[in-house]
Structures are given as structure tokens and as C-alpha cells.
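Undergrad: Dropping a prediction and its sequence here:
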Amino acid sequence: MGDLRLVHLTYAGSGKPTATVEFDPALTVIYGASDTGKSFIAESIEYMLGGTRAPEVPEAEGYSQILLGLQLPDGTALTLLRAPHSNTIHIHRQDLRGLVTDFADTLVTATHTARSKNSLSLFLLGELFLADLRIRKNEAGGSRNLALRDFVHLSVIPETRMVDPLSPVLHSSAASGKTAAASVIRLMLTGDSAPDIDTGLNAGQRRVNKGKITLLDQIILDLQSKLTTSENVRELRDRQVRLQASIDEYSTTLRVITDRHLDAVTARMKAAEELSTVEGRLAEVSDLVSRFELLEEQYRSDLARLEMVTEAGSLLGYFRVGTCVFCGAEPEHQNPGHGQHETTRLHLGVQNETEKTSALLADLLPTIEDLRAQFEALSSRRESLLQQTTRVDEEITAAEGQLTPLRERRDEHLHARSEIERNLELHERIDELEGRRSRLDGQTVGPGQRPAEYVPNRILSTFDETLRHTLEAWKVPAVEFAEYDQYSMDIRAGGRPRASRGKGVRSVLHSAFTTALAQFCLSNSRPHPGFIVLDSPVVTYRDPISDEPIGEDVDLTSNVVDHFYQNMLAFPGQAVILENGDPPADVISEASVYRFTGTGPGRHGFFPIAVTDD
């Protein structure tokens, strides 16, 4: 049994500058600014060792080959070549660090299944003399060969899994994978391979079960391909709760603004109706005022004429002796008092007409004044209504301007919630199918055939001592009496399970578990690939409470960071550390170090900056 070593990770493509990092046989530290490719390195290593999802960043566009340089236990150089989104891995028995055009020595598939005959898992485990090891795959006692992914999951830890509340030993929260995960830990701590249990199925039953399992595998793979996120069920439900809270908040705000908009529209309609009535009445009053003013002029003209008649009678001699100006009678034919009588009649007639016209004018003037007052009042009300409609129109426009973006954001949240619900349904269906598959694997195995399930206490106690020694060497606070609880399959420290702690403590406990497991295996000649890759192992900050719904965090001081790196210098295998913060100066002088600046002098990031011709 020997150790595998990472030599380099290289991205190559036609017309693209080669992007590469070399790994020290002991300790490699890659640190610097965010978004410069540090996590991309860990994800690429995981992908090259049989992962299913190629890491994607804009800077990787145009690179057609990913090369992972390895050194086998006998010192032989090996280069794994894989194209992004390809399931075929080209194996070259030499150290290649540029665009490869030669034929491969061996072709293998990246993913490993129970039916695989030529996979990367079989190839590398064979080179490490671990191909014959077996682990349990179900509670009934059925077993399978150890797979490379079982080791990679426990030695290459990307940042997303580093902070995940899920136990470090589990691939997912599905119940069907817990037996295999527990068996892998048992194998690594004890070195004992699980026995190959005879389930008692005859050939025909095996064929039937194999067909069912194959069909279930195809359905599970198809359902997994439909998942739109790598989040587990717990993370999805947490995000669902946060989304629902936002949706409720948007709905409440929309309801308030909608009510305000409806009130404004109702007020606008009422104002418009009243304005129409006022303008109609205003037109009527204006017409009446015009007509009555003409009548007033007529009355005053009549009075002026009557006054003129009276004055004209005196001036024209209507009252002198002679021919009667009224009836034309000559003096000799006039009766005594004829002139006086006619004059009196004329005067009375003019007086009566004047009085009647004056009375009509007197009645007309108050009416005109009342109509003019109505006109002024209606005009004032019309102006007020016009101002009111303008103000209400502005309120309606403002409300509509607020409603549109709020509805768009709420619809986006509703779409995201629907996406989460679909993913949760897929996870539920996958768990159900994996449970059926697990029952098919061992449905005929009796309880008496089942092998021992747990790690013996004496061995587990020794591992717990290694874990505690690691945390003590790092000077991590609030993690006393750390231990691996094989019954709950989680780490306990400070009297609390890891899942209940904040991101910082979860990260450091995951790092310590991975490191302690590697130290224990390497020191006791137990199965292990010989290297670990830790992305963001020590978190030196506390996230906002809104981003940390689970548990409380503990501030990890720079003292912890310094002791962590000092301890890693003595790590018995190969370690690759990816962090944002700067390592201590003495570590920089003793380890292989890359500093990604993002901008400015030095190395920009994993991918070189493209040079353009002006």
C-alpha cells in the first residue's frame, strides 16, 4: 500500500496561454484575493478524480484539455487528461504539462458503477493495491468494491462542502448512502475489508434484480440530471423559508400599494364624475347669465325710451293750444279740457309702462346676481376638481411605478420557489428510489449474515485522540472533547454536534476531521490516497446573522491560523491549502506558495491574463 501524490493541475487549449500550478510533495499553499481561481483548483482536482460536474468560470472558456499530473507509489509519473463535460479520461504514463496531441496509453471512464470494467477508479485503486477492498452497501449486508470516489470525498474538500452542515463522511443526506459511508470510515480506521456476503439469490433472481437495479440506476441518474442545483435538501428548505419570507413581505407591500392605487382610482372616478356635472351646470349658468344680461339691457333701453317720450312731449309742444297732437282734432272741434285730458292719458300711459318695466328690471337684477354667484362658485369648484384630479393622477402614476418592479421581484421569487419545490420533489423521489435499490441489493440477506457494523471502541478512541490533538495543536476555542460519533455519523465538540455550529466552526471541524483521518491512516498503514486538499479550512470572520440560520459561530483569531499552518508543516502526507488570508511568513519560506492578487503585481490568478494586440 502506497501513497498517491498530486504533481500539477494544468488547463490547456489551442491558442490559449497554459494555466498551471505545481504541487509540493509536502505542503502547497495557494492564497489571495477572492474570485481568482482558488476554489476552482479544488473543484478541478475533484472533477479529474472522477467527479461528474466540471467547474465552470468565464476564464476557462477556450480551454479544451484538463491535465492532472500524479506520481504513483513507485515514483512513476502519470498524467490524467480529460476534456470538460466528457466522461472519458486519457491516461498517459508520463508527465505532460501542455496541449497534448499524442495517443493515450489507456482510456478509462471517469464515473464508476457496479458494472464498470475499465474505469479510473479501478485503474488507480489497482495501482495503489486497494482494488480488492470491499465495503458494505446496504443494511442487509450486501457489499461492493471500494470506489475511488469514496476516498476523494474524504480527502478533497471544496469550500461548499467545508461549511455544509452535512456530516463530512456523507455524500448526501439520502438514507441509502449512510451504510456505505459508515463502512468506508470503518475500512479506513480498521483496515478490515467487508466480507463478500452470499445473499442466496439464484441466477434467475439475480438477473431479475440486476435488471431492476439497472432500471432504477437509470431513473436515478435521469432524475439527478434534472436537478438544477447542487444544494442538499436542508439547504433547499432553508432557502425556501427565506424566499417565502421575502414573498410574504412583497405581497404585504403590494397589497398596501394596490389598496392605495385603488383608492386613488376611485377618487379619480368620483372627481371626474363631479367635474362633468359641474362643467355641465357651469355651461347652463353661463348661458342664463348671458341671456338675462341681454334682457337687462332691453329693460334699460325701454326705460330710456319712455323717459325720452316724456321729455319729447314737452319739447315738441304736445301740450300747446292748436290742433291736437294726439287725435288731430281742430280747436273748434275739441271739447273743453281736451288737451289736458289727452296729456294726462299720455303721462299716465308712460308712467305705467315705466313702473312695469322698472318692476321687471328690479326682479331680474337679483336673479342675475344669484346666477353670477353660482357661476363663480362653480368655476371655483371646477378649478378645485381639476387640481384634485391632477394630484390623484400623480398618485396613480407613482403607485403604478412602485407596483411594476415589486411584482417583477415577487414573480422572480415565486419562480425561484417553484424551482426549489421541483428540486425537493426530485430529491424525495431519488431518496425513495435509492431506498428501493438498497432493499433490492440485500432483501434476501438474513440478520445472521450481517457483518459487524461499527468501529471497535479501542480503535475509535485512538482516532478521537488524533482528532483532539489536531484541534489542540490549532488552538481552536470552544471545541473541547472532540470525537467522531459513529452512531449519528457526525463530529461532536464542545458538547454540541458540528451541524449545530456556525460556518467558522463547521469549517475548522471538517478540516480537522479530514486532517486527523489522513494522519491516522498514514501513521497506521490504513487505506488512504495519501493527500488532502482543503479549501477555506479556517474561517477568520463571522458572517452576518441573516446569512447564518444555524447555530452560533466562534471567532477564530489569527492565532488559530498561525498554529494551523505550523501543524500542517508537520503533516505526514501531502497537503494543498486554499485560503483567502495570508499564511505566516515562516510557512511561506518553507512551503510551496502561490499568491493570487486579482489585480496588480504578481500572479493575477489561476488563469493568466490574456494579452491582446493593439
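TA: Cool, the structure landed. Residues are numbered from 1 along each chain as shown.
Undergrad: which SSE is Y11 in?
TA: Applying DSSP states H and E as the criterion places Y11 in strand 5-12.
Undergrad: Let me see the mean pLDDT of the helix or strand following that strand.
TA: Using DSSP H and E, the helix or strand that follows strand 5-12 towards the C-terminus is strand 19-22. Per-residue pLDDT over strand 19-22 has a mean of 95.
Undergrad: Parallel or antiparallel, list what pairs with strand 19-22.
TA: According to DSSP bridges, strand 19-22 forms sheet pairs with strand 5-12 (antiparallel).
Undergrad: how far is the partner strand from where the chain is centred?
TA: Chain-centre distance of strand 5-12: 33 Å, with CA atoms, centre = their mean, to the nearest Å.
Undergrad: contact partners of the strand holding Y11?
TA: 18-23, 25, 41, 44-45, 48, 60, 63-71, 77, 95, 97-100, 530-531, 533, 574, 576, 606-607 (CB atoms under 8 Å, 6 or more residues apart in numbering). From N, CA and C alone the C-beta is placed, and that goes for glycine too.
Undergrad: what does stretch 480-492 give?
TA: If you take CB under 8 Å, 6+ apart as the criterion, stretch 480-492 is touched by 167-170, 178, 181-182, 185, 454-455, 460, 463-464, 467-468, 471, 493-495, 497-499, 509-510, 512-513.
Undergrad: Secondary structure element for L124, which one?
TA: Per DSSP H and E: helix 120-127 holds L124.
Undergrad: Filter the contacts of stretch 480-492 down to just the ones in strands.
TA: Mapping the contacts of stretch 480-492 onto strands (DSSP state E) picks out A493, P497.
Undergrad: before we move on, the earlier item: what about burial for the contacts of strand 5-12, which qualify?
TA: 18-21, 23, 41, 44-45, 48, 60, 63, 65-71, 97, 99-100, 530-531, 533, 574, 576, 606-607 (16 or more other CB atoms under 10 Å).
Undergrad: Among the residues you listed, name the ones in helices.
TA: Counted as lying in helices by DSSP state H, out of the buried ones among the contacts of strand 5-12, are I41, S44, I45, M48.
Undergrad: circling back: residues in contact with the helix or strand that comes right after the helix holding L124?
TA: Using DSSP H and E, the helix or strand that directly follows helix 120-127 along the chain is strand 134-136. Strand 134-136 is contacted by residues 142-146, 150, 179-180, 182-184, 186-187, 193-196, 451, 453 when judged by CB under 8 Å, 6+ apart.
Undergrad: Give me the buried entries from those residues.
TA: 142-146, 150, 179-180, 182-184, 186-187, 193-194.
Undergrad: Just those residues: which are in helices?
TA: Per DSSP H, those map to helices at D150, T179, A180, A182, S183, V184, R186, L187.
Undergrad: Closest to V479 out of the residues you listed?
TA: The shortest gap between V479 and any of those belongs to A182, at 23.0 Å (CB to CB).
Undergrad: Can you give me the pLDDT of the nearest residue to the closest one once chain neighbours are set aside?
TA: In this structure, A182 finds its nearest non-sequential neighbour in M489, 6.2 Å apart by CB to CB, 6 or more residues apart in numbering. If you check M489, the pLDDT there is 88.
Undergrad: how many neighbours does M489 have?
TA: Using other CB atoms under 10 Å, M489 has 16 other residues around it.
Undergrad: I'd like the distance from the helix or strand containing E284 to the chain centre, please.
TA: According to DSSP H and E, E284 maps onto helix 233-315. Offset of helix 233-315 from its chain centre (CA atoms, centre = their mean): 48 Å.
Undergrad: For the helix or strand following that helix, give the mean pLDDT please.
TA: Counting by DSSP H and E, the next helix or strand C-terminal to helix 233-315 is helix 338-442. In this model, helix 338-442 has a mean pLDDT of 83.
Undergrad: next one: stretch 242-250
TA: 89.
Undergrad: neighbours around D259, how many?
TA: D259 has 11 nearby residues by other CB under 10 Å.
Undergrad: Now do it against D238, distance only.
TA: Using CB to CB, to the nearest Å, D259 is found at 33 Å from D238.
Undergrad: ditto for F103
TA: 49 Å.
Undergrad: Looking at these two, which is more packed in?
TA: It is D238, of F103 and D238, that has more neighbours when counted by other CB under 10 Å, with 15 against 8.
Undergrad: Would you state the strands of the stretch 51-200 of the chain in chain order?
TA: 65-71, 77-82, 88-92, 106-109, 134-136, 143-145, 156-157 (DSSP state E, counting those that start in this stretch).
Undergrad: how about the nearest residue to the residue nearest the centre of the chain, chain neighbours excluded?
TA: What sits nearest the mean C-alpha location of the chain, by CA atoms, centre = their mean, is A416, with 7.5 Å. Nearest residue to A416 in three dimensions, chain neighbours excluded: L243, at 5.7 Å (CB to CB, 6+ apart).
Undergrad: Low-confidence ranges, the stretch 51-200 of the chain, go.
TA: 114, 140-141, 196-200 (pLDDT under 70).
Undergrad: pLDDT on the strand holding Y11, on average?
TA: Average pLDDT, strand 5-12: 96.
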